[in-house]
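J.: 3D model of this:
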Amino acid sequence: MRRILTTALAATLLLAGCSQEPTAAGDELALAQSAQLIAQDVATTSRATHEGWIHRLLDTLRTTDDPEALAFLEQARAYRDSARTAWEAGDAAAARAYARLAFRAVLSAVIEIYPNAPERTGLAVDQAIVRIEQFLGGRDAPRIRAILGHVKALRASADAAFSAGDKVTALALNLRGIEILHRLVEHVRDAHRDHDDVADTEMEGVGY
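T.: Numbering: from 1, shown residues only. Now for the predicted structure:
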């Protein structure tokens, strides 16, 4: 699978790189498709996505007794149940708030097992940004560049949170950045204004 993805990525970038002329606005979606492949390739290599971290967490806890991580995970499941109850009662705002608390509890469990998760995830985001910007070169891609600017701002906020000792927020922001890059085509095509909300909703829906 990884070989197929890498081959497709190489072919796409080769075709896109044949012309160094500024790209018309109508072609920005094609550039977004190539940029999204780059971000996905980085994620395949680093496994620094929300799904990757959670899968590793669950695999580790099957054979490792870590009371604190297990407690965080149990707390997350309780929040998730509360979110479901609130949703069934028609309270969407409360349901969303519980879903966010559940996701943060899962991230706390991840950090308990993998203390360097925030740093590794931040490095993956940085690598994806650099590679996408190198691919774009001087091409005209205002929507893509605006999204990249937003992800850079998330990275700055994540670093600030990490420096303040809030590893959970740092990891959450870095994961949000990756998720936004993984949905780059949708954000460009559908003109999403709230990239953060789209990314967070997708991540909070993962099973654990």
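
J.: which helix or strand lies directly C-terminal to the lowest-mean-pLDDT helix or strand in the chain?
T.: Per-element confidence for the chain was summarised using mean pLDDT, DSSP states H and E. The lowest value among helices and strands belongs to helix 2-16, with a mean of 43. Beyond helix 2-16 in the direction of the C-terminus, DSSP states H and E gives the next helix or strand as helix 28-46.

J.: so how far is that next one from its chain's centroid?
T.: For helix 28-46, the gap between its own C-alpha mean and the chain's C-alpha mean amounts to 12 Å (C-alpha atoms, centre = their mean, to the nearest Å).

J.: buried set for that helix?
T.: If you call a residue buried by 16 or more other C-beta atoms under 10 Å, then helix 28-46 has these buried ones: 28, 30-32, 34-43, 46. Where C-beta positions appear, they are placed from N, C-alpha and C, glycine not excepted.

J.: now for that helix, which elements pack on it?
T.: Where contact means 3 or more C-beta pairs under 8 Å, 6 or more residues apart in numbering; DSSP states H and E, helix 28-46 is packed against helix 2-16, helix 117-136, helix 142-163, helix 167-182, helix 184-190.

J.: hmm, 6 Å instead?
T.: Contact analysis of helix 28-46 by 3 or more C-beta pairs under 6 Å, 6 or more residues apart in numbering; DSSP states H and E lists helix 2-16, helix 117-136, helix 184-190 as its packing neighbours.

J.: for that helix, give the mean pLDDT please.
T.: On average, the pLDDT along helix 28-46 is 93.

J.: so that helix versus helix 167-182, what angle?
T.: Using axes from the mean of the first three to the mean of the last three C-alpha atoms, to 10 degrees, the interaxial angle of helix 28-46 with respect to helix 167-182 works out to 130 degrees.

J.: following helix 28-46, which helix or strand shows up next?
T.: Next helix or strand after helix 28-46 toward the C-terminus (DSSP H and E): helix 50-61.

J.: buried residues in that following helix?
T.: Applying a neighbour-count criterion of 16+ other C-beta under 10 Å, one finds 50, 52-54, 57, 61 buried in helix 50-61.

J.: and what of stretch 124-139?
T.: Under the neighbour-count criterion of 16+ other C-beta under 10 Å, stretch 124-139 has 124-129, 131-132, 135-136, 139 buried.

J.: could I get those residues as TSV with distance to Ile180?
T.: Output for those, formatted as TSV (distance: C-beta to C-beta, whole Å):
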residue	distance to Ile180
Ala124	13
Val125	9
Asp126	14
Gln127	15
Ala128	10
Ile129	11
Arg131	15
Ile132	12
Phe135	17
Leu136	16
Arg139	20
